[in-house]
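Chemist: Have a look at this fold, sequence not included:
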């Protein structure tokens, strides 16, 4: 690994990110993202999906900085409503709520908020440093991948999504199939013939991923929130400098929790398809087992806020690592960003590091800057963001619905897309209600074309014999790993049936990340 | 809840069969240029249908739990009240456009569901489309459907 080169690139990237227009884009993204994180019914994934059409007119570097900053902002913002109102603004802040809300109830909302923001900042920082030094060698390794390795890795991606999903593995598999199927609609890449179009000319250009994502996440989420009828009762939020300082003095005690949660979060984020949500739950669970005060978790332990927040931000950053280096998103939000790559005219994958130095290193540089700016923004602006929650829902719900429609229309200027968006909104509502996970569907839909291409090229290489996936060592390793990971939940379910249910089901609404 | 799950799973199986039929219209085997265009869709549709059947069978075997209902009482109405007006806006997109249609939708929802006062209702339903108009038409130069009514008013009869 060429460290000197990496440092040079990093400095260059920081320079790109610090240029006034990019810096402004990052601040706008952070503010929007925090607002999106605060608002129930709008999350990181659908926030990014809604803003994606707006980035068509920006240059790719500014566009990715905007979208990633929205994501970081949403990570910070989700904690605010969890702690103050016991409404998780984001699925990954559900675990923050377990101890954050009791702390706030005990009259210490400042401690909980400061702990959440600071640990999110620290987790992000560790993850960004790891990202900086892991990305170049990983991209170099990925350059050596042929179609069989690519396909095997994609298989691994689908297996981890289905296998690590805390819900039903069969339904996760079903959703993966559905996503891949929808991706085949349109012209066939090899033969050029239209397929799966049911005779419709409009479908020949394919099912646009962004429109489906806006419907599933944006509209679907709104329909769910309307049904659950939110009741907001919360407390005033204001942070005094003394409170922040007092909380910071607690942090040296939790060095191990911080380090463990950052590494765990980063690793879970890197795994394809799993993002901040599982990372935060896992980190919380592990902290509860390791901590001497573990039995008091849930009653307002600072450590119970630190662990999930650290892991959530670290996972968010880790999720971008496979996206940038391999072209495979590490989380549903990253999947939506990846869809943007194609529209901005970029080819995601290892070649980005050679061909688009400004884009890649500008993104990495902006992660450092956005993390610092983000934590300062949320620490100072908490009261303003908490006030957003008071926007009446009867105005918010139609407003978000209208924004969903505009976002879907802007992609191709087609009215048909609006109908597809409305349809996916209804589908998303039913999927979520009936426990069909959305993450596998979204990731499979984005990766479908790539998967099929890699598969067909591999079979051509192997003259029609699938043994090619087993005779090449790297590919064989990935395939075996994928099968093992996929079987994991079935084995786990067996043992759980014997021992009785031990782990509580994931909290409602925790699907995207 | 069980009935909803059963109906939904059955719907997925039917959808799978439809996909399967569509995939079978293409060559699904080996062709001179490798696997045919129908190969991938065919096996995916097969996998989709089979997993759908597994879900269906499992739901069928599961016992009925009367305490679990699909949605809280009155929820259907609240969901439809958000959804149907949006369908209406899209259906009348050609005449009303997104700005007028969206404004009407906002006003109606804020007034009749939110029971907000008229000044707030008017401020929101006029302010939001105006902001959207300037953001999209001016700032991003991204023309959205304005609808025949607004076009006539803006540019006159052409």
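Modeler: Okay, I see it. Nothing here was measured: the structure is a model prediction, and the numbers come from that model.
Chemist: So the residue of chain B found nearest chain A, which state does it fall into?
Modeler: Closest to chain A within chain B is residue B:114: 2.4 Å, counting by C-beta to the nearest C-beta. Using the backbone N, CA and C atoms, a C-beta is placed for each residue, glycine as well. Residue B:114 falls in the coil class when you classify it by DSSP: H, G, I helix; E, B strand; the rest coil.
Chemist: Need the pLDDT of it.
Modeler: The model reports residue B:114 with a pLDDT of 83.
Chemist: Kindly report the same for the one 3 residues further on.
Modeler: According to the per-residue confidence, residue B:117 scores 90 in pLDDT.
Chemist: Quick check: the residue of chain B closest to chain A touching residue A:391?
Modeler: No - Residue B:114 lies out of contact with residue A:391 (C-beta atoms under 8 Å); the separation is 10.9 Å.
Chemist: Let me see the residues that make contact with stretch A:50-59.
Modeler: A:25, A:32, A:42, A:62-63, A:66-67, A:70, A:210, A:214, A:218, A:336-337, A:339-340, A:343-344, A:403-404, A:406-407, A:410-411, B:140-142 (C-beta atoms under 8 Å, 6 or more residues apart in numbering or on different chains).
Chemist: could you say which helix or strand contains residue B:51?
Modeler: helix B:39-61 (DSSP states H and E).
Chemist: Show me which residues of that helix are buried.
Modeler: B:39-49, B:51-52, B:54-56, B:59 (16 or more other C-beta atoms under 10 Å in any protein chain shown).
Chemist: Against chain A, which of those make the cut? List them.
Modeler: B:39, B:40, B:41, B:44, B:45, B:47, B:48, B:51, B:52, B:54, B:55 (C-beta under 8 Å from any C-beta of the partner chain).
Chemist: Now do the closest residue to the second one other than its chain neighbours, the pLDDT please.
Modeler: Same thing as residue B:40. In space, residue B:40 comes closest to residue A:452 once its chain neighbours are excluded; the distance is 4.7 Å by C-beta to C-beta, 6 or more residues apart in numbering or on different chains. In this model, residue A:452 is scored at 88, pLDDT.
Chemist: so residue A:452 sits in a strand?
Modeler: No - applying three-state DSSP, one finds residue A:452 to be helix, outside a strand.
Chemist: What's the separation between it and residue A:346?
Modeler: Distance, residue A:452 to residue A:346, using C-beta to C-beta, to the nearest Å: 20 Å.
Chemist: Of these two, which one has the most company?
Modeler: residue A:452 (24 against 20; other C-beta atoms under 10 Å in any protein chain shown).
Chemist: which SSE is the residue in the stretch 301-450 of chain A positioned nearest to chain B in?
Modeler: Using C-beta to the nearest C-beta, residue A:394 is the residue of the stretch 301-450 of chain A that sits closest to chain B, at 2.4 Å. Element membership of residue A:394, judged by DSSP H and E, is helix A:393-412.
Chemist: tell me the helices in chain B, going along the chain?
Modeler: B:2-23, B:39-61, B:75-91, B:93-112, B:118-133, B:147-155 (DSSP state H).
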